[in-house]
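Enquirer: Need a 3D model of the sequence below.
(chains A and B)
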Amino acid sequence: MLLKKGRCVKGVNFKNHLDVGHPVTNAKIYDAQGADELIFLDITANKEERHILIDIVEKTASECFMPLTVGGGIKTISDIDKVLRAGGDKVSINTTAVENPRFIGQAAKKFGRQCIVVAIDYKLNKKRKNEVFIYNGTKATGRDSIEWAREVADLGAGEILLTNIDKEGTRSGYDIEIIREVSGAVNIPVIASGGAGNLEDLKKAIIDGHASAVSLASIFHFTDQNVIKARNYLKTWGVDVRTEA
Amino acid sequence: MGSKTLGSQKIAVIDYQMGNVHSVAKAFKLIGGDVVISNKKEVIERADCVVLPGVGAFADGMKNIKKFGLIKILEEEILKKRKPFLGICLGMQLLAKESDEFGLHKGLGWLDASVKMIKTGDTNLKVPHVGWNNIKMNIKCPLFKEIRQNSEFYFVHSFHVVCKLTQNVMAVCDYGIKLTAAIQKNNIFAVQFHPEKSQTAGLRVLENFLNLSKKEHA
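Expert: Next comes the predicted model:
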């Protein structure tokens, strides 16, 4: 769930966001359907508006007894501490990981590496290379997505949330090739993100792309698919999903 | 410190600045316990049962337990007075004698166990072990009363507790190797998974723990 000024939003290729409801209400629906985890990514992430995010995490954690990952503007140890104290289980770090890679290790040492998710947003650049972008997909970093994945795993990341910016919100299928490359390059779990348009896409990301988990947004916001259908579909393909949720 | 009236079961959730105390407290509140988040001696003394949650690195966890002077209090209330105790995740690992997370560190030593990095020996089984996994439980363990065998719980950890005594192990989870998922030694209970994050089955574990202290103090 992308959050902007306390609302849940969704766009295409990190742009043109539409309002898709109240985050806590949405969270309760996903919880009732037995989602395995919720990811909140705050795309406002202004210092002045951080309390809104913390407030949403707190409210969600009082009603949904399920795993919560929280990201957007995480810059300091104290930012992580606030998220965890509000009821988050993991934090997702993106821009700060690139600008200050040592922070990954510092955070892992303080909170354990299982708590530190590094989000990698990438897209094809003019040289047809998959380049990592920060600041919500607006700033190129010159880093190669697979090399950066390897580096963050070495630095202490516990998971990688891998998002193809060109795919995000398009519902045209995940970027299976890069998912498979990154999953093979690191020994930590990789969450596939960006592009899920139908249930077959989930199967492909897991079976062909070797993703440890799949992250979905548009398909739940804008189609009649839901967590229950997704789980049942994956089960028929022999994917190890929860049996009763 | 407010002097709350002694109502039903008073649960002390230990705050030693290691993460997610509020989720645990909220879960117990939902079940109907009288929860206090604290690291104060008086509160822990008055509590009917004690919960040690925790997210973070082992060394920091021990450092903070010492910093807040909790070792003596916990030993008095749990080991001597035998109040029901529940350790969750890091709160379970700290009961071991030692851990090799970021160097060798001494734990509380309540259990004859050590904490080791998970080595699955299978590149598809990645570490950290993150996500839902089913557990094989000893159905005689009161924590698992009326919970279906093989129920799934949420795990998020890179290290696991290796017990010397198998009779202390109340549940295991298969992740290439057998990981200790739950422990009981007398009044000391501990779980590696997060019951406060495991939806219905998780809340049932917490309820079972709470009922335990009702019985013992009836």
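Enquirer: Show me which strand runs longest in chain A.
Expert: The residue-count maximum for a strand in chain A (DSSP state E) belongs to strand A:116-124.
Enquirer: what about that strand, near chain B?
Expert: No: using Cβ under 8 Å from any Cβ of the partner chain, we find that strand A:116-124 stays clear of chain B, coming within 9.2 Å at best. Where you see a C-beta, it was placed from the backbone N, CA and C, and this is true even at glycine.
Enquirer: go on, stretch A:87-96?
Expert: Yes: Stretch A:87-96 is in contact with chain B by Cβ under 8 Å from any Cβ, via A:87, A:88, A:89, A:90.
Enquirer: quick one: contacts for the residue of chain B positioned farthest from its centre?
Expert: Distance from the C-alpha centroid of chain B, by Cα atoms, centre = their mean, peaks at residue B:123 (28.7 Å). Contacts for residue B:123 were tallied using Cβ atoms under 8 Å, 6 or more residues apart in numbering or on different chains; they are residue A:187.
Enquirer: Check the gap between it and residue B:176 for me.
Expert: 10 Å (Cβ to Cβ, to the nearest Å).
Enquirer: what's the answer for residue A:83, then?
Expert: Distance, residue A:83 to residue B:176, by Cβ to Cβ: 30 Å.
Enquirer: go on, residue A:138?
Expert: 41 Å.
Enquirer: Once you drop chain neighbours, what's closest to the residue nearest the centre of chain B?
Expert: By Cα atoms, centre = their mean, the mean C-alpha position of chain B lies nearest to residue B:87, the distance being 1.8 Å. The spatial neighbour of residue B:87 that comes closest, neighbours along the chain excluded (Cβ to Cβ, 6 or more residues apart in numbering or on different chains), is residue B:190 at 3.6 Å.
Enquirer: Report pLDDT for the one you found.
Expert: You'll see residue B:190 listed with a pLDDT of 98.
Enquirer: and residue 177, what does it touch?
Expert: You didn't say which chain, so I picked chain A. Shown in contact with residue A:177 (Cβ under 8 Å, 6+ apart): residue A:209.
Enquirer: oops, I was thinking of chain B
Expert: Residue B:177 sits next to B:118, B:119, B:120, B:121 when contact means Cβ under 8 Å, 6+ apart.
Enquirer: Swap in 7 Å and give it another go.
Expert: Listed by Cβ atoms under 7 Å, 6 or more residues apart in numbering or on different chains, the contact set of residue B:177 reads residue B:120.
Enquirer: go on, the one 4 residues further on?
Expert: The neighbourhood of residue B:181, defined by Cβ under 7 Å, 6+ apart, consists of B:135, B:171, B:172, B:173, B:191, B:192, B:193.
Enquirer: try 6 Å
Expert: Contacts for residue B:181 were tallied using Cβ atoms under 6 Å, 6 or more residues apart in numbering or on different chains; they are B:135, B:171, B:172, B:173, B:192, B:193.
Enquirer: Adjacent strands (with direction) for the helix or strand where it lies?
Expert: Taking DSSP states H and E as the criterion, residue B:181 maps to strand B:177-185. Strand B:177-185 pairs in its sheet with strand B:169-175 (antiparallel), strand B:188-191 (antiparallel), by DSSP bridges.
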